[in-house]
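A.B. asks: A structural model of the following input is requested.
(chains A and B)
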Number of protein chains: 2
Amino acid sequence: MGSSKTIRRLEVVAPVPADIDIANSVEPLPIATIAEDLNLDSKHYDLYGKYKAKVLLSVLDDLQGSEDGCYVVVGGITPTPLGEGKSTTTVGLCQALGAFLDKKVVTCLRQPSQGPTFGIKGGAAGGGYSQVIPMDEFNLHLTGDIHAITAANNLLAAAIDTRIFHEASQSDKALFNRLCPPNKEGKRTFADIMFRRLKRLGISKTNPNELTPDEVRRFARLDIDPNSITWRRVMDVNDRFLRKITIGQGPEEKGMVRETGFDISVASEIMAVLALTTSLSDMRERLGRMVIGNSKAGEPITADDLGVGGALTVLMKDAINPALMQTLEGTPVLVHAGPFANIAHGNSSIVADKIALKVVGKGGFVVTEAGFGADIGTEKFMNIKCRYSGLVPQCAIIVATIRALKMHGGGPEVVAGKLLDHAYLTENVALVEAGCVNLARHILNTKSYGVNVVVAINTFATDSDAEMNVVRSAALAAGAFDAVVCTHHAHGGKGAVDLGIAVQRACENQTQPLKFLYPLDISIKEKIEAIAKSYGASGVEYSEQAEKQIEMYGRQGFSGLPICMAKTQYSFSHVPSQKGAPAGFVLPIRDVRASIGAGFIYPLVGTMSTMPGLPTRPCFFDIDIDIATGKVLGLS
Amino acid sequence: MGSSKTIRRLEVVAPVPADIDIANSVEPLPIATIAEDLNLDSKHYDLYGKYKAKVLLSVLDDLQGSEDGCYVVVGGITPTPLGEGKSTTTVGLCQALGAFLDKKVVTCLRQPSQGPTFGIKGGAAGGGYSQVIPMDEFNLHLTGDIHAITAANNLLAAAIDTRIFHEASQSDKALFNRLCPPNKEGKRTFADIMFRRLKRLGISKTNPNELTPDEVRRFARLDIDPNSITWRRVMDVNDRFLRKITIGQGPEEKGMVRETGFDISVASEIMAVLALTTSLSDMRERLGRMVIGNSKAGEPITADDLGVGGALTVLMKDAINPALMQTLEGTPVLVHAGPFANIAHGNSSIVADKIALKVVGKGGFVVTEAGFGADIGTEKFMNIKCRYSGLVPQCAIIVATIRALKMHGGGPEVVAGKLLDHAYLTENVALVEAGCVNLARHILNTKSYGVNVVVAINTFATDSDAEMNVVRSAALAAGAFDAVVCTHHAHGGKGAVDLGIAVQRACENQTQPLKFLYPLDISIKEKIEAIAKSYGASGVEYSEQAEKQIEMYGRQGFSGLPICMAKTQYSFSHVPSQKGAPAGFVLPIRDVRASIGAGFIYPLVGTMSTMPGLPTRPCFFDIDIDIATGKVLGLS
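C.D. replies: Residues are numbered from 1 along each chain as shown, chains lettered A, B, ... in the order given. Prediction:
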């Protein structure tokens, strides 16, 4: 620990330059140097170019006996559409811990979706002097994990439609003969994967010739109900015209048309599987049991029923290894998985966190980010991610900005792409004070998991001391362990040293066990209601469709799964315009769906867009390559 | 040269085991060792895991003054649907040259499409004891180039539909204001990429405020004719249900529906661009000038008109670097690009060949494969690839099998997946002799480029000496420089030593300059007719649609491009069942399309499928992962 070879001091400039200019001003260290500094043996990582590596899961076997470091999760208050700097704070805090406080530290971040990089949003590597570099590699392709997810997701989609097509044109017998064709010696055998389906059907025979005609039919005919198919195709591009499409209109498809659509790749259940899996064998099982729809008799049909669970695992075998990168100040970062924070759980991967905790060891720190506001991100971190990983955080951070608190206190609407209202650029202590109800509820909720809460006030140049003092007092009054003003965007790790000290103290003072918000063995509705209560709802109302789905999942044996609420992040309630700490509302559940392979039920509170679009003038107009240097221009 | 550290002797077993078993039986060398053996400095390559690297184009700058090695292209006779072993022969020859004849050698291969790996076909890494390893990495993901192509292709597709959508709902003025929004100081500027469109429009103003209303309209309104759009979306999955689809059916798309479809990713024009580009700046220009359709006034609309040529280049910036792998006997392989051999030119990349020629240097050999039969693959290699690269081959190989020659001599139909007819498994000299007309025409055509032709007879255990002698005699009679029996499938490089010696002699005796089949400055029709004549056609007939397209491309200024015929590979003619050397037929041109960025016009002779499907029992049933070892099972 300490005296790291990789630490690099930043020379900061004011006003803060553009993110890409800061990122390009720092020469990254060879990633092998970062890996060595983490005591990783070369057999435990694979290089992907000079500045990226994949850390192999095998490192967990070698470090099995080692103690874990401290585990810190970063959530936020209910954000404005501009975001309140959770990623930036996560990175800045680690730069402070590693480069200024002499701690072993690993930052765990989600891999951003490539689509929005060319749309409105820009990248997701942090900002200012708290960034992951190289920024272009972080935002584009990385080590190909999302591409692997796209390939696997769409292979499964093709398998579904093709199977329906072939079943429609063949007798049970013909279908069976094709599935189990005779080899050169005329002998029929089952492929290994077919035994999974046979087992589900309760057939223990191993010789295809011994199946009765009824068993042949049950085995060979999946009889998928096209209207029940929930599996969609995906693409890592903002392509709104694929949201709803009709497929199968070619003449060879003989009229077997069907309405379906594309989601953005990070919305694939396979991304959620990647984020929640704990090992290669666990991933194989999760991918195989993903449910794509039902048979006409109402039985769930899985990827393994289609014979494709093994192939999906093969496509994902490298993606399971987290990518190692670095911050501007040379501290290590693991980038891995990026499930949607609305229809999925919005947290980076369990395996990255596990590797990081072992690698930093006792006395070290792992800081992991939870997407969206803490009502969603931290809640899902605790009740879904920690439940599957068995890991326990010692500290939870809540990132707050004066800007967002003013909005919660009644400030004018904040709209992305439009200039900020005057109220946000000049001192207004009353607005801030009124807005602290939002922060207070997030603190209360987060504390209920039995964890110490540290509030990080992510400051802007326009924030006043009086405003910041109000937030500090409100945070402490609400039960925060500490509340700290940070300037890491402007100053890098140096600006988050106080936060680092507070986090360290919070971890040292953590004594309680992790308390989940709900146990798994209550009903789906009771679990939904427990979460709704944490939002401030007085009750829950279910649509007819939601009731039907809950009944179905119960019947299919899936009611023991945790719940992953698909709700707006812009309010505790389902109404984005209800800022502050709304209470007494009835939360409407429009529909209930499930990611059985990933392992959660997700109720839809309102409509969730799973495929963004491009504006009239997308970011891509500014993106080009400098032919002379090969450097990427215009990324933001 | 010589005494290479990387050479590995194979211990061969008979009968030849399954490809995957041979591939898994050999421990690959660290790819850095292969790179060092090629005298590549570590600054000239990036590792991608332990067994793959990307060789950076910068190596060309450093080796600018060096002499090139000998350049050998591998084509084949008109094949059966089983394939006649072009890739295997390419690999086997290089194993012979490198591991037995002490030559510096680099094999240049195409990256296979991932889709068919899970369908019927299996992989494309060679076969038997002549393979590229690790076979699973060769066939899946590799270094992500095809994924990058998919991402770039589909970003452009999304940009097209989005632009039409936004143009439909906004006035010229509003559109212009969005495209050139005022910055914080209220000043409007053009993005750099916009000057490309302004230039095409003949507008030299640099201040947006100075444009006249007419100029504003012409600049901001692309006015794309939806019926003219030729740009389709792509996916590297065999998904037949996407061949023809209707998009835009979501409520937010307000009824702007359109019929379109997906091709498999390797059919993307961007793949053809990657294969034909010569540098980063050349790729930037080619990507920018790709034509996606016409304006309603009939003007071609390019990727740069849409503002996305720079972003496409950024997505492709790593893909331009070829992937370095190795053969079973430790000789180096560059895997790069894999354009469709029907609608595109079916050859691996120019940059890989260029790098390879410099790296092996004088006295060394570069062996590159041309997809499909020589009527298509070698023809396009000469007239398109060599025309753009300026490279000149010293020797052309034609791979022949007794099996395919028997088919051309009148043997029964050969069908993939069905057992071979008796005629192919026992001696039948008469059938072979009759079939040699096919080989003879390929020799004649290939010789016409002024290159020495060596015939490689790729043998099977069932071939007889008498049959092989007939082929040798026929080849020499037709003007081949040499004709050699090879057993590299069964014996690795050792089985292709004679071929290696013949190739070396052919290169040493090469004296003529490269003669193209047609000059570029004749009309599109004259060029098509020159190629048709080489097929044995007595004439060409054009559909009304083809006439219309030829007229349009002429009007748009594209008639100076080379021609890339989209024709079946199963016959010299357009009728797959016409084996041997058909003559006197009239070649029908159904339609004519263009890949302006890649740089060719492609006439369609018949219907070309650009999206394969999955059978009832796809390969994926057999593919899984060995959880204990992490090894891939069941790939073929």
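
A.B. asks: For the longest helix along chain A, which helices and strands make contact with it?
C.D. replies: Looking across chain A with DSSP state H, the single longest helix is helix A:145-169. Applying 3 or more C-beta pairs under 8 Å, 6 or more residues apart in numbering or on different chains; DSSP states H and E, one finds that helix A:145-169 makes contact with helix A:172-179, strand A:233-235, helix A:269-276, strand A:291-294, helix A:309-315, helix B:145-168. No exception for glycine: its C-beta is placed from N, CA and C like everyone else's.

A.B. asks: can I get the ones you listed in JSON lines with mean pLDDT?
C.D. replies: Below are the helices and strands packed on helix A:145-169 laid out as JSON lines (pLDDT from 0 to 100):
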{"stretch": "helix A:172-179", "mean pLDDT": "96"}
{"stretch": "strand A:233-235", "mean pLDDT": "98"}
{"stretch": "helix A:269-276", "mean pLDDT": "98"}
{"stretch": "strand A:291-294", "mean pLDDT": "98"}
{"stretch": "helix A:309-315", "mean pLDDT": "98"}
{"stretch": "helix B:145-168", "mean pLDDT": "98"}
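
A.B. asks: Tell me which of these sits nearest to B:K52.
C.D. replies: Closest to B:K52 of the helices and strands packed on helix A:145-169 is helix B:145-168 (C-beta to C-beta; 11.2 Å).

A.B. asks: buried ones in the closest one?
C.D. replies: B:145-167 (16 or more other C-beta atoms under 10 Å in any protein chain shown).

A.B. asks: which element is A:K527 on?
C.D. replies: In this assignment (DSSP states H and E), A:K527 forms part of helix A:524-535.

A.B. asks: which residues are contacting that helix?
C.D. replies: Applying C-beta atoms under 8 Å, 6 or more residues apart in numbering or on different chains, the contact partners of helix A:524-535 are A:375, A:379, A:383, A:445, A:448, A:517-518, A:520, A:522, A:539-540, A:542, A:550, A:553-554, A:559, A:562-563, A:565, A:567, A:572-573, A:587, A:589, A:592, A:601, A:603.

A.B. asks: Report the buried residues of that helix.
C.D. replies: So, applying 16+ other C-beta under 10 Å, buried residues of helix A:524-535: A:524-525, A:527-532, A:534-535.

A.B. asks: Check whether stretch A:221-228 comes into contact with chain B.
C.D. replies: No - Stretch A:221-228 stays clear of chain B (C-beta under 8 Å from any C-beta of the partner chain), getting no nearer than 11.4 Å.

A.B. asks: So for that stretch, what gets flagged as buried?
C.D. replies: Buried residues in stretch A:221-228 (16+ other C-beta under 10 Å): A:221-222, A:224-225, A:228.

A.B. asks: what number of residues lie near the closest residue to A:K358 other than its chain neighbours?
C.D. replies: Distance criterion C-beta to C-beta, 6 or more residues apart in numbering or on different chains; nearest residue to A:K358, sequence neighbours excluded, is A:L63 at 4.0 Å. Neighbour count for A:L63, taken as other C-beta atoms under 10 Å in any protein chain shown: 19.

A.B. asks: Wait, A:L63 touches A:V360, no?
C.D. replies: No - the pair A:L63 / A:V360 is not scored as a contact, 10.6 Å apart, by C-beta atoms under 8 Å.

A.B. asks: Could you list the domains of chain A?
C.D. replies: A:19-143+A:318-509, A:146-301, A:524-604 (the TED database).

A.B. asks: Most tightly packed of the ones you listed?
C.D. replies: Highest mean neighbour count of these: domain A:19-143+A:318-509, a mean of 23 (counted as mean count of other C-beta atoms under 10 Å in any protein chain shown).

A.B. asks: any idea which helix or strand comes after the helix holding A:K527?
C.D. replies: With DSSP H and E, the next secondary element past helix A:524-535 is strand A:539-542.

A.B. asks: A:V453: what's it in contact with?
C.D. replies: The contact partners of A:V453, taken as C-beta under 8 Å, 6+ apart, are A:395-398, A:443, A:446-447, A:479-481, A:506.

A.B. asks: So which of those residues sit within strands?
C.D. replies: A:395-398 (DSSP state E).

A.B. asks: I'd like these written out as CSV, with pLDDT and distance to B:P612 added.
C.D. replies: Putting the ones in strands among the contacts of A:V453 into CSV (pLDDT from 0 to 100; distance: C-beta to C-beta, whole Å) gives the following:
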residue, pLDDT, distance to B:P612
A:C395, 98, 53
A:A396, 98, 50
A:I397, 98, 50
A:I398, 98, 52
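
A.B. asks: In a markdown table: those, plus distance to A:V13.
C.D. replies: A markdown table is the format used below for those (distance: C-beta to C-beta, whole Å):
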| residue | distance to A:V13 |
| --- | --- |
| A:C395 | 32 |
| A:A396 | 33 |
| A:I397 | 27 |
| A:I398 | 30 |
